[in-house]
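Chemist: Here you go, sequence then predicted model.
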Amino acid sequence: MKAARLVEIGSPLVIEEVADPSPGPRDAVVKVEFEGICRTDWHTWVGDWSWIGLAPALPITMGHELAGTVVAVGDSVSSVNVGDRVAVPFHEACGRCSYCRAGRSNLCDALEFLGMTHDGGYAEYVNVLNADLNCVPLPDAVPFDAAAALGCRFMTAWHALQHQASLRAGEWVAVHGVGGIGLSAVQIGVALGAGVVAVDIDERKLKAAREQGAAATVNARDGDVVEAVKEATGGGAHVSLGGLGTASLVNAALMSLRKGGRLVQVGLTSKEEQGIVGIPLDELIEAELTIVGSVGNPHVHLPALLEVVGAGRLDPAGLVTERIALDGAQGVLERMTGFDTIGFAVIDRF
Ligand SMILES: [Zn+2]
Ligand SMILES: [Zn+2]
């Protein structure tokens with residue numbers, strides 16, 4: 001089969017002919033129908049995140065945002081069958097540790113990451129580990145393109161707003177950084193009945209946010225983000241979503257909250273910060289602000305999300321802006337260097 005492989009950090013991906021995967025006893029091989037290109041792949045490509053232990057052994061086939069059809073299952077797989085249409089969360093969990101048993105499989109003690117700890121979906125086929133848990137059946141009403149976008153960015157935004165920030169109807173949410181997760185968060189925030197303010201430095205992304213229903217947008221290049229968000233929300237957002245882990249963005253996200261507000265942070269840091277970002281601690285105390293982290297989405301919450309998507313109340317496929325062939329992935333990664341992608345680019349031809 002064909003695969004786009006990361007052979008050397010920072011060098012262009014190499015399209016290679018590699019052996020088709022065959023499933024281990026508990027695994028399933030999935031024919032990839034759609035594979036999203038996520039900023040995490042860009043971070044992997046440029047060699048970020050070694051400081052939190054996320055550095056793949058090379059060469060590797062990247063890609064962790066996929067949906068497809070099961071074509072082979074291992075002998076010990078019981079609930080997944082050849083022909084099943086499935087989505088795969090990027091974090092494959094064990095299903096047996098204390099976190100998995102408590103419904104927090106995104107925090108699994110034995111997490112594996114598609115395209116990071118083993119070969120992912122920039123290929124015709126992918127081997128999904130522990131398939132009974134990690135191959136999530138797709139309702140008929142959810143097409144593959146919607147499901148691919150679900151596997152990372154959309155489900156991450158859902159978990160962040162719905163569970164970690166407990167966003168409620170009638171509240172204001174300020175989305176700081178309208179990348180893939182941010183644009184998903186705009187759509188989800190609107191669907192949850194919140195007023196959404198989107199913040200970015202790219203007018204095209206702010207326009208996309210307005211198209212998804214953002215009530216107000218703020219161009220961070222135009223002046224004081226904090227003041228602008230406070231004005232748009234009548235005194236500050238109830239919830240901020242931090243879509244990137246840069247120091248200035250985290251600070252603006254925190255300071256644009258009203259008293260008692262919650263910052264839910266989904267964006268990891270980059271080489272500049274290497275995991276460490278200063279925060280205005282006194283403000284956090286005096287205004288009783290909360291900072292909560294959010295990573296991925298526990299498996300137990302996926303069926304409900306798929307149901308909402310199937311019912312047409314959320315439209316992740318509507319965020320897909322580019323459908324490309326496998327050999328187009330490199331170009332998307334290169335444009336990500338300048339934050340020059342809008343919405344989701346997905347590979348649909350291998
Ligand atoms: Zn991702
Ligand atoms: Zn586990």
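Modeler: Now that the structure is in, tell me what you want to look at. Nothing here was measured: the structure is a model prediction, and the numbers come from that model. Numbers count the residues shown, from 1 in each chain. Ligands and ions are numbered 1, 2, ... in the order given.

Chemist: okay, CA-based contacts and neighbour counts for the rest of this
Modeler: Noted.

Chemist: quick one, helices of this protein?
Modeler: 39-46, 98-101, 131-134, 144-149, 155-158, 180-191, 203-211, 225-232, 247-255, 281-286, 302-310, 329-337 (DSSP state H).

Chemist: Next, format these as CSV and append distance to ligand 2.
Modeler: CSV is the format used below for the helices of the chain (distance: least, C-alpha to the ion, whole Å):
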stretch, distance to ligand 2
helix 39-46, 22
helix 98-101, 4
helix 131-134, 10
helix 144-149, 23
helix 155-158, 18
helix 180-191, 24
helix 203-211, 36
helix 225-232, 39
helix 247-255, 30
helix 281-286, 33
helix 302-310, 16
helix 329-337, 31
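
Chemist: Those helices: which one's closest to ligand 1?
Modeler: helix 39-46 (4.9 Å; C-alpha to the ion).

Chemist: Run the chain-centre distance for that closest one.
Modeler: 12 Å (C-alpha atoms, centre = their mean, to the nearest Å).

Chemist: Let's see it as CSV, backbone CA atoms only.
Modeler: Output in CSV follows, covering the C-alpha atoms of helix 39-46 (Å, rounded to 0.1, in the frame of the first residue of the first chain):
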residue,chain,number,x,y,z
ARG,A,39,-1.8,20.7,13.6
THR,A,40,-0.5,17.9,15.9
ASP,A,41,0.9,16.4,12.7
TRP,A,42,2.7,19.7,12.0
HIS,A,43,4.1,19.7,15.6
THR,A,44,5.3,16.1,15.0
TRP,A,45,6.8,17.1,11.6
VAL,A,46,8.8,20.0,13.1
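
Chemist: quick one: average pLDDT of it?
Modeler: Summarised as a single mean, pLDDT over helix 39-46 is 91.

Chemist: tell me the contacts of the residue nearest to the spatial centre of the chain?
Modeler: In the chain, the residue lying closest to the centroid (C-alpha atoms, centre = their mean) is residue 153, at 2.0 Å. Shown in contact with residue 153 (C-alpha atoms under 8 Å, 6 or more residues apart in numbering): 38, 180, 181, 184, 296.

Chemist: quick one on the thing from earlier: could you redo the helices of the chain as JSON lines and give each row mean neighbour count and distance to residue 80?
Modeler: Listed next are the helices of the chain as JSON lines, based on neighbours: other C-alpha atoms under 10 Å; distance: least, C-alpha to C-alpha, whole Å:
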{"stretch": "helix 39-46", "mean neighbour count": "20", "distance to residue 80": "28"}
{"stretch": "helix 98-101", "mean neighbour count": "16", "distance to residue 80": "19"}
{"stretch": "helix 131-134", "mean neighbour count": "24", "distance to residue 80": "6"}
{"stretch": "helix 144-149", "mean neighbour count": "28", "distance to residue 80": "17"}
{"stretch": "helix 155-158", "mean neighbour count": "27", "distance to residue 80": "22"}
{"stretch": "helix 180-191", "mean neighbour count": "27", "distance to residue 80": "29"}
{"stretch": "helix 203-211", "mean neighbour count": "19", "distance to residue 80": "37"}
{"stretch": "helix 225-232", "mean neighbour count": "20", "distance to residue 80": "47"}
{"stretch": "helix 247-255", "mean neighbour count": "22", "distance to residue 80": "41"}
{"stretch": "helix 281-286", "mean neighbour count": "12", "distance to residue 80": "47"}
{"stretch": "helix 302-310", "mean neighbour count": "17", "distance to residue 80": "15"}
{"stretch": "helix 329-337", "mean neighbour count": "17", "distance to residue 80": "30"}
